[in-house]
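**Q** using only what follows, build the 3D model:
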Amino acid sequence: MADDRNSVSMKLKIAFSVFGVLAGCCVFFVFTFLYQNYHAGLWALLSCALSSIVLHQHLLFRNNRLEHWHTIHSLTALRNLGILTLLCSTGDKMSSSEDEIPRRKKSVDGAQSRSRSRSKEEDGSEDEEDEYEVEEIRDKKLKNGTWVYYIKWVGWESDTNTWEPKEHLDCPDKLEDFERKWKRKEEKREQRRREERERKIKDREEREKRRDEKLEKRKLESSDSDSETETKPVKVQSRRESEDKQKVKEKEKKEEKVKIRKIESSLFKTDKLMKDNRIEKERKKDDRKDKDDKKEKEGRKEKDERKEKGRMTKEIPVKILGMTKEAGTNYFIVRFRTDETGLMTMSDAHDFVPKLCCQFYSEFIEIS
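**A** This next block holds a predicted model:
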């Protein structure tokens, strides 16, 4: 049993079952979606399902798990199902092929058999041929100088309709009815064509009348003296003159429109320029104000600095007279340029008059 599970025959069976699954899927998609043959697609899907069942059984047998999935009764049922499906598919194939042969023969050789039967009846042959009954005559046309009729046959589909000459038809009543209907159709067509022609002629005449009336009115308005009906060439000449005047007026109107557009565009441009100038002027004013403000601020700063310098120059001491202490801070007693005396902190004196500080220390402090 182990040898059977891993033998070449088992591998071939698995390969054939895989091929059956793939082939069934491909045939199903091709016949169903490409050719719209749903009958063949259904059989392909069924064969794919059976092949997948067989593949599953082979794999279970190879992996020694067939007994867990199936019993003897289920395996016999699957075998009987496969045999029944095979018999049904072969029977359906044979019946469809038998139906297809006469259908093709019927569609392809229908016209030839009908023409042969009509020719043999005319020649008086004694051989019996199948006779075809005319269901309806649908149309007619000229072919090589003779009229042929488009025939719908009894018991035949519309795709087997043929064009037949009158000699092949044995239905005088239907021919008369068709010819009567054909004549009515032709009369209706002719009537429509006449009505169309008459309508076009009437429209043309009305247009010419209106044009003539307009021309006469213009003539009467332009001329002071009343004139009688003029001859045809004069009318033609007046028409041309009026058309020329109309053209001149149209040109003038176009030129006026162009001028108006130019003026509007120039006005728009000037308005835009004026707006831009206003914006520029306002911007310049703002810049000037900013500059003036900056200058004023700088002038104020300079003045403040000058004042501060003057105050500093005035308050710079000339000589340190002594030292004192008030509220815990040390002060120098100094004399200013104005001969006034005052107090100055030691830190300020060290910053502003370091030379005077050194002089004072050298005079009053003895180094031992």
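**Q** now residue 13. Nearest residue, chain neighbours left out?
**A** residue 58 (5.4 Å; CB to CB, 6 or more residues apart in numbering). (Glycine included, C-beta is placed from N, CA and C.)
**Q** quick one: buried residues of the helix or strand hosting that neighbour?
**A** Assessed by DSSP states H and E, residue 58 sits inside helix 38-62. Across helix 38-62, burial judged by 16 or more other CB atoms under 10 Å covers 40-41, 43-45, 47-48, 50-52, 54-55, 57-58, 61-62.
**Q** what is that helix packed up against?
**A** Here helix 38-62 touches helix 8-29, helix 66-69, helix 72-108, going by 3 or more CB pairs under 8 Å, 6 or more residues apart in numbering; DSSP states H and E.
**Q** what's around residue 258, how many residues?
**A** 10 (other CB atoms under 10 Å).
**Q** can you tell me which of the helices and strands packed on helix 38-62 is most buried?
**A** helix 8-29 (a mean of 14; mean count of other CB atoms under 10 Å).
**Q** send me stretch 13-31 as PDB with only the CA atoms.
**A** Extracted in PDB, the C-alpha atoms of stretch 13-31 (Å, rounded to 0.1, in the frame of the first residue of the first chain):
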ATOM      1  CA  LYS A  13      -3.400  10.300 -11.600                       C
ATOM      2  CA  ILE A  14      -2.800  13.500  -9.500                       C
ATOM      3  CA  ALA A  15      -1.300  15.300 -12.500                       C
ATOM      4  CA  PHE A  16      -4.300  14.300 -14.700                       C
ATOM      5  CA  SER A  17      -6.800  15.400 -12.100                       C
ATOM      6  CA  VAL A  18      -5.000  18.800 -11.800                       C
ATOM      7  CA  PHE A  19      -5.100  19.100 -15.600                       C
ATOM      8  CA  GLY A  20      -8.800  18.300 -15.500                       C
ATOM      9  CA  VAL A  21      -9.500  21.000 -12.900                       C
ATOM     10  CA  LEU A  22      -7.500  23.700 -14.900                       C
ATOM     11  CA  ALA A  23      -9.000  22.600 -18.200                       C
ATOM     12  CA  GLY A  24     -12.500  22.800 -16.800                       C
ATOM     13  CA  CYS A  25     -12.000  26.300 -15.400                       C
ATOM     14  CA  CYS A  26     -10.500  27.600 -18.700                       C
ATOM     15  CA  VAL A  27     -13.200  26.000 -20.900                       C
ATOM     16  CA  PHE A  28     -15.900  27.400 -18.500                       C
ATOM     17  CA  PHE A  29     -14.600  31.000 -18.800                       C
ATOM     18  CA  VAL A  30     -14.000  30.800 -22.600                       C
ATOM     19  CA  PHE A  31     -17.400  29.300 -23.500                       C
END
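**Q** identify the residue nearest residue 75 in space, chain neighbours excluded?
**A** residue 57 (7.8 Å).
**Q** just the strands in the stretch 251-368 of the chain please.
**A** 317-326, 329-336, 341-345 (DSSP state E, counting those that start in this stretch).
**Q** now the last one: buried residues?
**A** To tie it back to what came earlier, the one meant is strand 341-345. residue 344.
**Q** that one pairs with which strands, and in what direction?
**A** strand 329-336 (antiparallel) (DSSP bridges).
**Q** what residues sit buried inside the partner strand?
**A** In strand 329-336, counting by 16+ other CB under 10 Å, buried: 331, 332, 334.
**Q** contacts for stretch 55-74, please.
**A** Residues outside stretch 55-74 that contact it (CB atoms under 8 Å, 6 or more residues apart in numbering) are 5, 6, 10, 13, 14, 17, 18, 20, 21, 75, 78.
**Q** skip ahead from the worst-scoring helix or strand of the chain on mean pLDDT and say which helix or strand is next.
**A** Averaged element by element with mean pLDDT, DSSP states H and E, the chain has its least confident helix or strand at helix 110-123 (a mean of 46). Counting by DSSP H and E, the next helix or strand C-terminal to helix 110-123 is strand 134-143.
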